[in-house]
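> model this:
(one chain, ligands or ions: 2)
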Amino acid sequence: MADSIHKLSGEGGLCINHYPMAVHGFFRRYRTISQWLLIAIFFLLPCIKINGLPAILINLPDRRFTFFGLSFWSHDTPLLFFIIAGFSLGLLFITSVWGRVWCGWACPQTIGIDGIFRWIETLVEGNYIARKKLQAAPFDKEKIVKKAIKWSLFFFISALVSHTFYAYFTGAGILASMALSSPSENLTTFYIVNATTLIILFNFGWFKEQLCTIICPYGRLQSVLMDEDSLVVAYDENRGEPRKGKKRSSGEETGDCIDCYKCVVVCPTGIDIRRGIQMECIACTSCIDACDEVMRITKKPEGLIRYESENGLKGEKTIFWKMKTSIYFGLTLLSFLGLFLYVINRSELDITVLRAHENPYQVLSTSEEETLIANHFTLNLKNQSSQEMEVDIIRTGEMENSEIEIIASTLPGIIPPGEAIKNHVFIKFSKSVLGKKRSRYFKLQIIAKSESITKKYIKEISLVGPI
Ligand code: SF4
Ligand code: SF4
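Ligands and ions are numbered 1, 2, ... in the order given. Next up is the predicted model:
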């Protein structure tokens, strides 16, 4: 049996199990549900519209990012920082506590292979034994037909995934109209989408878990991120050994492992979990379900292979909250708090009022009755919303009472979404407004109107003049 296990690699003699046996059980059930849920989210998100915009749109040429009705622009870099920090630290926290749970349950690579491509393969070619036999068989009519159907379906799914992926960058509507028009009209898009299709086809159709075991850097980081208290999929050696069939001294009792190799046959990366925790394990839980089934048949307690920490396997207490996990958790929370505060405090119209660089004031005229003064400001207005905005500056009651005049060179003006305008504002007032002081604070009122909102913004400015 062991020999046949080592020959599992199949196509090309590569170091993974191309024909893992299908499993049934507790984890398989919930993994299937979560996989279909995540697949549905991936395909549906670009088609869902919120405030007339796709739920997620990464518009690179315009440097505009739309997330669930909110638009962000390239100048919103703090947002990107909080998102990257939040997700990276969150992943560190999850890995330090629950090991490679991401790999087994949420990684697109695992979901694509396990949830779509292997499912199609089984549908067309049959179970793992039939697939292996077909692979070894000469190219007869049956093999050619089955392989052709399988690779055609693989190609169709790859094209669907590639188009959906591209829709996150263009919007589903635009992509659909591009797909229906002649390729020569959108040659770059045509090449990108087709190249992506071929990469997906190669990766999910043939390369499979080799990406996890050979290329993925996350797998290699495990030894740094995890410790003896992190949960991993592990074989309980104390309970399982000596396994049935192993040489043992007379009278020695056998462990619960009956050496059936079922845990190995189901493993997509082709490893034997009984050799200890290995970097190639993607925590897919297949061996747990497989072994639990064996345990039920042999009337032994389930959990010979289970989620367990190294300390747990030694019979020691698993410590969840440690300095390291607390730091990761705290920093993750802080990043998401920063993100939340940034989003709720972010104004649709960003206003910066600066005093112009030249003289702080100009005396326009002097007479016995009054001295007229002008102050020059620059007003930078940035439309951070997803709609066109009409902006104007208006006098407050306080300014009207003081007979203060506002001369704005380009206002009222229209600002397209994501764009900014610079405006020179001259404020003309009588020196008497300042009283005996050199300066006085006033409130400047800016009104912004768009299709869905009309909002007033107040900015404080200080008017200055000679003593
Ligand atoms: S499935 Fe369980 S009983 Fe069978 S070889 Fe693996 S650990 Fe042993
Ligand atoms: S050892 Fe078990 S959990 Fe790890 S990859 Fe293989 S089957 Fe999946």
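> residue numbers of the stretch 201-350 of the chain in contact with ligand 1?
Applying CB under 6 Å from any ligand atom, one finds that the stretch 201-350 of the chain approaches ligand 1 through 235, 240, 257-263, 274, 290-291, 294, 304-305. Every C-beta, even on glycine, is put in place using the N, C-alpha and C of the backbone.
> which of those fall within strands?
235, 305 (DSSP state E).
> of the residues of the stretch 201-350 of the chain next to ligand 1, buried ones?
The neighbour-count test (16 or more other CB atoms under 10 Å) marks 235, 240, 257-263, 274, 290-291, 294, 304-305 as buried among these.
> and which of those is nearest residue 186?
Set against residue 186, the nearest of those by CB to CB is residue 290 (47.9 Å).
> picking up where we left off before, same list, the buried ones among the residues of the stretch 201-350 of the chain next to ligand 1, but only the ones touching ligand 2.
Answer for those near ligand 2: none qualify (CB under 6 Å from any ligand atom).
> does residue 358 sit in a helix, a strand or a coil?
Here residue 358 takes the coil state, with states given by DSSP: H, G, I helix; E, B strand; the rest coil.
> what pLDDT does it get?
Reading off the confidence values, residue 358 has pLDDT 73.
> burial measure for the spatially closest residue to it that is not a sequence neighbour, as a count.
Nearest residue to residue 358 in three dimensions, chain neighbours excluded: residue 376, at 6.9 Å (CB to CB, 6 or more residues apart in numbering). For residue 376, the count of nearby residues is 17 (other CB atoms under 10 Å).
> how close does residue 376 get to ligand 2?
Using CB to the nearest ligand atom, to the nearest Å, residue 376 is found at 69 Å from ligand 2.
> name the SS class of the residue in the stretch 351-467 of the chain that ligand 1 sits nearest to, please.
Closest to ligand 1 within the stretch 351-467 of the chain is residue 386: 54.8 Å, counting by CB to the nearest ligand atom. Classification of residue 386 by three-state DSSP places it in coil.
> just to revisit the earlier point, closest one of the residues of the stretch 201-350 of the chain next to ligand 1 to residue 422?
Checking these against residue 422 with CB to CB, the nearest one is residue 305 at 65.9 Å.
> verify the stated contact: that closest one with residue 236.
Yes. At 7.3 Å, residue 305 counts as touching residue 236 under the criterion of CB atoms under 8 Å.
> so who does the nearest residue to residue 198 once chain neighbours are set aside touch?
In space, and not counting its chain neighbours, residue 198 is closest to residue 158: 7.5 Å by CB to CB, 6+ apart. Applying CB atoms under 8 Å, 6 or more residues apart in numbering to residue 158 gives the contacts 197-198, 200-201, 204-205.
> from the residues you listed, which is closest to residue 58?
residue 200 (18.4 Å).
> the nearest residue to the closest one once chain neighbours are set aside: what secondary structure?
For residue 200, ignoring the flanking residues on the chain, the nearest one in space by CB to CB, 6+ apart is residue 158 at 4.1 Å. Put simply, residue 158 is helix when judged by three-state DSSP.
> just the helices in the stretch 51-200 of the chain please.
Ranges of helices in the stretch 51-200 of the chain, per DSSP state H, counting those that start in this stretch, are 77-98, 101-105, 108-110, 118-125, 128-136, 141-170, 172-180, 187-202.
> what sits against the residue in the stretch 1-150 of the chain that ligand 2 sits nearest to?
The nearest approach of the stretch 1-150 of the chain to ligand 2 comes at residue 104, 6.7 Å away (CB to the nearest ligand atom). Residue 104 is in contact with 31, 110, 233, 282-285, counting by CB under 8 Å, 6+ apart.
> returning to what we had before: quick one, what contacts the residue nearest to residue 358?
355-356, 358, 362, 424-426.
> partners of the strand or helix carrying it in the sheet?
Using DSSP states H and E, residue 376 sits in strand 371-383. Strand 371-383 has its sheet partners listed here by DSSP bridges as strand 349-355 (antiparallel), strand 362-366 (antiparallel), strand 420-430 (antiparallel).
> ligand 2 is nearest to which of the ones you listed?
Short answer: strand 349-355, nearest of these by CB to the nearest ligand atom, at 49.4 Å.
> and the closest one, which residues are buried?
So strand 349-355, judged by 16+ other CB under 10 Å, has buried residues 349-351, 353.
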